[in-house]
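> What follows is a predicted protein model with its sequence.
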Amino acid sequence: DAGVIQSPRHEVTEMGQEVTLRCKPISGHDYLFWYRQTMMRGLELLIYFNNNVPIDDSGMPEDRFSAKMPNASFSTLKIQPSEPRDSAVYFCASSLSGTTRSFQYFGAGTRLSVL
Amino acid sequence: ELKVEQNPLFLSMQEGKNYTIYCNYSTTSDRLYWYRQDPGKSLESLFVLLSNGAVKQEGRLMASLDTKARLSTLHITAAVHDLSATYFCAVSPGGYQKVTFGTGTKLQVIP
């Protein structure tokens, strides 16, 4: 399996622009998570899905952030409009329930810079 | 609110030395995970601990869990430079898939 695939790997944009981050989870996994990592705040859970349904979006910082999972193999995280304080590394992770180990498997991340 | 605290936050140690990273959490948890993150890279799973007294070892790393004390430790034996990374613990209360990550411990092993 190719693992969790995120795109783009790097994104540089200007303040006010729309940014869309993409994630393909590991095939067969039923949970998908979006995280944001910064030096100041560490690793923060933004939102997670179970079987394509959003379960907890309490970590989404503002209405400017939205996430969708239209099918089991694809999710997006959108920021509109973007602001410099959104600059961070965004990780997507997936996991499979019903197993003892249930590790979350992380993608390579998207490094976002908002100028 | 679940809190997961690690200490130290930063650890610089010489090769060949032993040290322990601590992870304290504030509520009962069914599972405790350890992850590793190399600079500029993603998170990689290391261990999952499922019960009180559980111990897992791989190479120079050994993780243990004391659920009564709500404490997990990651012990490093005879450190080598390749172990330089940031180590995160994460807890999963209630058996849910959602986990809460600790603050991370940045380990630097000096030759």
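The structure has been received and is ready for your questions. Residues are numbered from 1 along each chain as shown, chains lettered A, B, ... in the order given.
> Please report the distance of B:M13 from B:G104.
16 Å (C-beta to C-beta, to the nearest Å). All C-beta spots, glycine's among them, are computed from the backbone N, C-alpha and C.
> I meant B:V91, not that one.
Counting by C-beta to C-beta - B:V91 and B:G104 are separated by 14 Å.
> residues from chain B in reach of chain A?
Contact residues, chain B versus chain A (C-beta under 8 Å from any C-beta of the partner chain): B:31, B:33, B:41-45, B:48, B:50, B:88, B:92, B:97-101, B:103-104.
> If we use 10 Å, what do you get?
B:30-31, B:33, B:35, B:37, B:40-48, B:50, B:86, B:88, B:90, B:92, B:95-104 (C-beta under 10 Å from any C-beta of the partner chain).
> Surely A:Q37 is within a strand?
Yes - secondary structure assignment places A:Q37 in a strand (DSSP: H, G, I helix; E, B strand; the rest coil).
> partner residues bridging it?
Counting by DSSP bridges, A:Q37 is bridged to A:L43, A:V89.
> hang on, it packs against A:C92?
No - contact criterion C-beta atoms under 10 Å: A:Q37 and A:C92 do not qualify, at 11.8 Å.
> Between the two, which has more neighbouring residues?
Just comparing A:Q37 and A:C92: by other C-beta atoms under 10 Å in any protein chain shown the higher neighbour count belongs to A:C92, 30 against 19.
> average pLDDT for the strand or helix carrying that one?
Per DSSP states H and E, A:C92 falls inside strand A:88-95. Across strand A:88-95, pLDDT averages out at 97.
> ok, then the element right after that strand?
strand A:105-106.
> does any part of that following strand sit near chain B?
Yes - for strand A:105-106, a contact with chain B is found by C-beta under 10 Å from any C-beta, at A:105-106.
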